[in-house]
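Peer 1: Need a 3D model of the following:
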Amino acid sequence: MLEDKNQERTSLEKLGEFGLIDHLTQNFQIQNESTLKGIGDDAAILDFGDKKAVVTTDLLIEGIHFDLSYMPLKHLGYKAVMVNLSDVYAMNAQATQITVSIAASNRFPLEALEELYAGILLATKTYGVDLIGGDTTSSQTGLLISITALGEASEEKITYRDGAKPNDLLVVTGDLGGAYLGLQVLEREKEVFKVNPNNQPDLEPYSYIVERQLKPEARKDMVKLLNDLNVKPTAMIDISDGLSSEILHLCKNSKVGCNLFEEKIPLDPTVISACEEFKLDSTTVALNGGEDYELLFTIDQSDFDRIKGNPNLTVIGHMTDIADGAHLISRANTKIPLTAQGWNSFDPPK
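Peer 2: Below you'll find the model as predicted:
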C-alpha cells in the first residue's frame, strides 16, 4: 500500500516550495558536460555545441496512468523517467537531462515524495542523465508527474518515423506483452486484497512480467548496439501503446504498408504461460498490450547481415507498398488487416 501508517510524516507546508525542491534534489549530481547550469537559477543552461537537441515530455496522472495501491512510489519515480527516456532513444539520440514537475495532494507527506525522488535519482544515475529543474505544486486530485527529457544527437544519426521504404525489414528489440500481463496480475491481486486484506500475494512466479510493468527499462543499450553495428534505422518508434499501434504510426508517417508475421513476434515463456492462465491470446496481448518500451524500427535489407543472430533483435516483418496496406500474416498464413487497439488515455474507465 501507499505507506506504513506509523511512519514519520513531515508536512510539506513546513518546507515551503523552495525548501522542498532543495530537499528533494540535494543528491543529484551533474553528469553531462552539456549541463552548464542545472537546478538553482531561473532556468537551466545547456550547451550542445554542434549536436541537435531532442526534447520530449510526458504527463502521468494518478488513477489514469498509475495505481498507488500496487505501484511503489520509488518504482513510479523510476518508471516516469523511463517513459520519457524511451522517446529520446526512439530518435536514435542520447538522453542527457530531465526536468521533473509534480503536483501532490495533502495525503502525501515529505517521506512519500522522498520515495518518489529516490526512484528518479536511481534512474538518473543508471542512465547518466541530469535533473536540471522542474516545479512543485499542490493538487486536489492525488499525484501528477510531468517529466521533460532532453537529448542530443548529430544530425546524421537522428531517426524519424517517416523514413521507412517498401522492402525495409521491420525489427523489434526484446520481447513483447510482458508489461500488460504484469498489470493483469497486479489488478487481480488488488481485487483479492480487497476481499481479504490479510492475504499476501505470491508474485514470485510472475516476477519477470510484474517487473516489466512496475520497473521497465528504456533501451539506451539498443541505441549503442545499433551504432556499434554501424546500422542506422530508416525509421524508429518506441512501443508504448502496443505493437500494432506503433507499426501503423510508422506506416502512416512513412507512407508504406507492412506485413507482420505472427510467428516471428518475440514472446517470453512467462508471457505465454500467463496468457494461458488468464485465457488471453498471446498475439493479441503483444499487439495491443503496450508499455513494453521496446524499440521498433526498420532497416534496409542490406543491413540484415549485421543484425542477424543478435539475441536482442528480432525481424518480425517487412514494409510494403502503401497500396498493399498493413497486415498480420497469421501462423495459418492468413492475411488479417492490422488495427490499433492499444492504450488510449481518453478511453472511459472499464
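Peer 1: where does stretch 155-168 sit relative to the chain's centre, distance-wise?
Peer 2: Taking the mean of its C-alpha atoms, stretch 155-168 sits 21 Å from the chain's own mean (C-alpha atoms, centre = their mean, to the nearest Å).
Peer 1: can you list the residues that contact that stretch?
Peer 2: 52, 54, 90-93, 227, 232-237, 249-251, 253-257, 297-301, 318-321 (C-beta atoms under 8 Å, 6 or more residues apart in numbering). To be clear about C-beta, it is placed using only N, CA and C from the backbone, and glycine gets the same treatment.
Peer 1: Just the buried ones from those?
Peer 2: By neighbour count, with 16 or more other C-beta atoms under 10 Å, these hold 54, 90-93, 232-237, 249-251, 254, 256-257, 297-299, 318-320 as buried.
Peer 1: In helices, which of the residues you listed appear?
Peer 2: Cross-referencing the buried ones among the contacts of stretch 155-168 against helices under DSSP state H gives 249, 250, 251, 254.
Peer 1: What is the nearest of those to residue 21?
Peer 2: Set against residue 21, the nearest of these by C-beta to C-beta is residue 249 (36.4 Å).
Peer 1: residues touching that closest one, list them.
Peer 2: Contacts of residue 249 by C-beta under 8 Å, 6+ apart are 161, 237.
Peer 1: what about 10 Å?
Peer 2: 161, 162, 235, 237, 241, 296, 340 (C-beta atoms under 10 Å, 6 or more residues apart in numbering).
Peer 1: got it, and residue 301?
Peer 2: Residues near residue 301 by C-beta under 10 Å, 6+ apart: 165, 167, 168, 169, 318.
Peer 1: number of nearby residues for the third one?
Peer 2: For residue 168, the neighbour count with other C-beta atoms under 10 Å is 25.
Peer 1: Name the nearest residue to it, ignoring sequence neighbours.
Peer 2: residue 298 (4.1 Å; C-beta to C-beta, 6 or more residues apart in numbering).
Peer 1: Could you measure from residue 219 over to residue 231?
Peer 2: Shown here: residue 219 relative to residue 231, a distance of 14 Å by C-beta to C-beta, to the nearest Å.
Peer 1: Kindly apply the preceding question to residue 137 instead.
Peer 2: From residue 137 across to residue 231, the span is 44 Å (C-beta to C-beta).
Peer 1: of those two, who's got more company?
Peer 2: Set side by side, residue 137 and residue 231 show more neighbours around residue 231, with 18 against 10, by other C-beta under 10 Å.
Peer 1: contacting residues around that one?
Peer 2: Going by C-beta under 10 Å, 6+ apart, residue 231 touches 171, 225, 297, 299, 300, 302, 303, 304, 306, 307, 313.
Peer 1: Let's have the residues you listed in TSV, adding pLDDT and distance to residue 290.
Peer 2: Below are the contacts of residue 231 laid out as TSV (pLDDT from 0 to 100; distance: C-beta to C-beta, whole Å):
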residue	pLDDT	distance to residue 290
171	98	19
225	97	23
297	98	18
299	98	24
300	98	28
302	98	32
303	98	28
304	98	28
306	97	29
307	97	25
313	98	20
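Peer 1: Just give the number of residues close to the residue lying closest to residue 313 once chain neighbours are set aside.
Peer 2: The spatially closest residue to residue 313, leaving aside those adjacent along the chain, is residue 307, at 5.0 Å (C-beta to C-beta, 6+ apart). Neighbour count of residue 307, defined by other C-beta under 10 Å: 18.
Peer 1: buried residues in the helix or strand hosting residue 120?
Peer 2: Using DSSP states H and E, the element containing residue 120 is helix 110-127. Using 16+ other C-beta under 10 Å as the test for burial, helix 110-127 gives 110, 112-124, 127.
Peer 1: so which of these comes closest to residue 185?
Peer 2: Closest to residue 185, out of all of the buried residues of helix 110-127 and judged by C-beta to C-beta, is residue 119, at 20.7 Å.
Peer 1: List the residues that contact the closest one.
Peer 2: Contact partners of residue 119, counting by C-beta under 10 Å, 6+ apart, are 72, 73, 74, 75, 76, 77, 78, 79, 80, 81, 82, 215.
Peer 1: State the distance from the first one to residue 215.
Peer 2: Spelled out, that is residue 72. 9 Å.
Peer 1: who touches both of the two?
Peer 2: Listed as contacting both residue 72 and residue 215 by C-beta under 10 Å, 6+ apart are 78, 119.
Peer 1: Neighbour count for those two, which is higher?
Peer 2: Between residue 72 and residue 215, counting by other C-beta under 10 Å, residue 215 is the more crowded of the two (19 against 16).
Peer 1: OK, contacts around the closest residue to the more buried one other than its chain neighbours?
Peer 2: In this structure, residue 215 finds its nearest non-sequential neighbour in residue 75, 5.2 Å apart by C-beta to C-beta, 6+ apart. Contacts for residue 75 (C-beta under 10 Å, 6+ apart) come out as 66, 115, 116, 119, 122, 211, 213, 214, 215, 216.
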